[in-house]
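K.L.:
just coords:
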């Protein structure tokens, strides 16, 4: 039986393209540095380039930290990054009411989107952990 993975190198590198906004750091569960990257354009693009080589270790750390299960982290993150203000990622998580609220309010005027950047990994881990019971 193949081991179920939580985070992917491929998705990490795709999000790295937007890494000057911190997307890959949020994905791998590093919200503080992701926020710093967001406001400093990836620490003035230097940190962004360095991260090209750090992504494999970030992926290994995320694999240890987060719980696999029925909710796919990669899909949840792609939905958040590209459709987050429409709440599609929340609907995927089964949070239909907040997903519809996001749809009608532009991700609660962007603040809910930022909240989800900080907490999506934990939200998925919680759902996956409950499914494993």
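P.N.:
Here it is on my side, so go on. None of the values given here were measured: they were computed from a predicted structure.
K.L.:
Give me the pLDDT for the residue nearest the centre of the chain.
P.N.:
Residue closest to the average C-alpha location in the chain (CA atoms, centre = their mean): residue 27, at 3.4 Å. pLDDT recorded at residue 27 is 97.
K.L.:
for residue 49, same thing?
P.N.:
Value for residue 49, per-residue pLDDT: 93.
K.L.:
show me the contacts for it.
P.N.:
residue 42 (CB atoms under 8 Å, 6 or more residues apart in numbering). The way it works is simple: take the backbone N, C-alpha and C, and place the C-beta from them, glycine included.
K.L.:
ok, it to residue 7 distance?
P.N.:
21 Å (CB to CB, to the nearest Å).
K.L.:
quick check, distance from the helix or strand of the chain with the lowest mean pLDDT to the centre of its chain.
P.N.:
The helix or strand with the lowest mean pLDDT-type score in the chain, counting by mean pLDDT, DSSP states H and E, is helix 31-44 (a mean of 93). Here the centre of helix 31-44 is set off from its chain's centre by 15 Å, with CA atoms, centre = their mean, to the nearest Å.
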